[in-house]
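>>> Mind looking at a prediction? Sequence and model below.
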Amino acid sequence: MGPAVTLVKDSPPAARGTRSAASATGRRPGRRRENLAGYLFMSPWIAGFLLLTAGPMAASLYFAFTDYNLFNTPKWVGFDNFTQMFDDPRWQRSVEVTAKYVVIGTPLKLLLALGVAMLLAQSRRGQAFYRAAFYAPSLIGASVSVGFVWRSLFSDGAIVDRTQTFFGWHVGGWVGNADWVLYCLVALTVWQFGAPMVIFLAGLKQVPRELYEAAEMDGAGPLRRFWNITLPMISPVLFFNVLLETIHSFQIFGSAYVVSNATCGPADATLVYTCYLYQQGFQNARMGFAAAMAWMLLLAVALVTAVLFWSQKKWVHYEEDAR
C-alpha cells in the first residue's frame, strides 16, 4: 500500500505538466490566427503608411541630395542644395519671417485661448452658446475661403482700414503694407483660438475647487491664485498646447499664400518658409532644393520640440510628481 500511495501522489504533477504542455501547444494555432487577424485589420493602415508616408519621405530624402526638376532623371549633387540654401538671401528671409510669425503669433493665440477659457469655465447663462461661438472659427481652419475674406477685410479701403482712419490711424490697408501684412496673418491665427481654448477649458475643469477656497481663506488674491494654483495645475495642458501650436505655426502656408495673393506679400513680407518651399519646388521646378528645404524644416521643428521637452522638467508639474 505504501508504494502504491506514493505513485498516486506522484502522478498528478506529471499529469498536470502533460496537460499544460498539451494546452500550450493547443493554444499556439489559436494565437497565430489571432495575430493573423490583427495584421489583416492593420494592413490598410500599414499599406497607407508605407505608400503615403514612409515611401515619400525616403524619396524626398534622396531627392534632397540631387538636382531634380520633375522631368529629368535626378542627378546626385551631394550637399550642394544645402550649401546653396544657406547662401540664398530669400531663404534667409523666409527663416526670419517664419520665426517672427511663430514668436509673435503662438503666444498671443495661447494667451487669448487661456483667457477666454477661464471666462467660460465659470457657470453663466448661455455658456454652451458662447463655447460653440468661440470654437467655430477653428472648425473652418486656414481654408482658402477664409484667406479671401481676411484679405478683403484688411485691404486698402476695407472695413479695418476705414475703422483705423476714423480713429486717426491710417496705414493704407494691412495687406498692401509690407510693415503690417505679417500682422494680418498673426491676427488670423489668433482669431482661430478655439482648439487650444477647448483644451484649456478641459484642464481648468480638473482643478479642485478646494484649492481656490483654501487660498481665499488665506487671503490670496486673483493673481496669486492664478499664479500659484491655476498655472501649476494646468501646466501639462499648457505644455501640450504650446507644443502643438508651435508646430502648427511652422507649417503655415495656405493663409499666407492666399492673403498675399500668391505673391508672398510686398517685399517678401509674408515669405514664410513653406511658401518659399512651394515656389522653389513647383514654380521653379527645383524639386531637389525644395526637398532639402523640407528636411531642414523637419530638423528645425524636431530641435524646437526637443528643447520644449527638455524645458518641461522645470515648469510642468504632473500628478505623479507630487506623490
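Nice, thanks for sending it over. Numbering: from 1, shown residues only.
>>> which residue ranges form the strands in the stretch 1-150 of the chain?
Taking DSSP state E, counting those that start in this stretch to define them, one finds strands in the stretch 1-150 of the chain at 66-67, 75-76.
>>> contacts for the first one?
If you take C-beta atoms under 8 Å, 6 or more residues apart in numbering as the criterion, strand 66-67 is touched by 74-77, 80-81, 288. All C-beta atoms are positioned from the backbone trio N, CA, C, and that covers glycine.
>>> now it: mean pLDDT?
Confidence over strand 66-67, taken as the mean pLDDT, stands at 96.
>>> What strands line up against it, and which way round?
Paired with strand 66-67 in the same sheet, following DSSP bridges, are strand 75-76 (antiparallel).
>>> okay, now the nearest residue to Ala136 once chain neighbours are set aside: neighbour count?
Counting by C-beta to C-beta, 6 or more residues apart in numbering, Ala136 lies nearest to Gly194, which is 6.7 Å off, once chain neighbours are set aside. A total of 20 residues lie near Gly194 under the criterion other C-beta atoms under 10 Å.
>>> before we move on, what about the one 10 residues further on?
By the measure other C-beta under 10 Å, the count of residues near Leu204 is 18.
>>> ok, now Gly176?
Residues near Gly176, counting by other C-beta under 10 Å, number 18.
>>> and the gap between it and Lys313?
Distance of Gly176 to Lys313, given as C-beta to C-beta, to the nearest Å: 46 Å.
>>> can you check Ser155 too?
With distances defined as C-beta to C-beta, the gap from Ser155 to Lys313 amounts to 47 Å.
>>> Over to Arg124?
On the measure of C-beta to C-beta, Arg124 and Lys313 end up 37 Å apart.
>>> Now stretch 55-70: buried residues?
60, 63-69 (16 or more other C-beta atoms under 10 Å).
>>> could I get it in CSV with only the CA atoms?
Included here for stretch 55-70 are C-alpha records, laid out as CSV according to Å, rounded to 0.1, in the frame of the first residue of the first chain:
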residue,chain,number,x,y,z
GLY,A,55,7.9,55.9,-49.1
PRO,A,56,7.6,59.7,-50.0
MET,A,57,9.8,60.6,-47.0
ALA,A,58,12.5,58.2,-48.2
ALA,A,59,12.2,59.6,-51.7
SER,A,60,12.4,63.2,-50.6
LEU,A,61,15.5,62.4,-48.5
TYR,A,62,17.1,61.0,-51.7
PHE,A,63,16.0,64.0,-53.8
ALA,A,64,17.4,66.4,-51.2
PHE,A,65,20.9,65.3,-52.4
THR,A,66,20.1,65.5,-56.1
ASP,A,67,19.4,68.0,-58.8
TYR,A,68,15.9,67.1,-59.8
ASN,A,69,13.3,69.1,-61.7
LEU,A,70,10.4,66.6,-62.0
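>>> what about the stretch 101-250 of the chain, any weak spots by pLDDT?
Judged against pLDDT under 70, the low-scoring parts of the stretch 101-250 of the chain cover residues 141-143.
>>> so can I have TSV of the strands of the stretch 1-150 of the chain showing distance to Leu188?
Supplementary listing: those in TSV, determined by distance: least, C-beta to C-beta, whole Å:
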stretch	distance to Leu188
strand 66-67	36
strand 75-76	40
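>>> do you know which of those lies nearest Phe253?
Smallest distance to Phe253 across the strands of the stretch 1-150 of the chain (C-beta to C-beta): 23.9 Å, for strand 66-67.
>>> And the one residue sitting closest to the centre of the chain, how close does it get to Ala256?
Note on the chain: the residue nearest the mean C-alpha position is Leu244, at 3.3 Å, using C-alpha atoms, centre = their mean. Between Leu244 and Ala256 the computed distance is 19 Å (C-beta to C-beta).
>>> Val301: which of the contacts of strand 66-67 is nearest?
Out of the contacts of strand 66-67, the one with the shortest distance to Val301 is Asn81. That distance is 18.9 Å, counting by C-beta to C-beta.
>>> I figured that closest one was touching Gly288, is that so?
Yes: if you go by C-beta atoms under 8 Å, Asn81 and Gly288 touch, sitting 5.5 Å apart.
>>> which residues are common contacts for those two?
With contacts defined as C-beta under 8 Å, 6+ apart, the residues shared by Asn81 and Gly288 are 64-65, 67.
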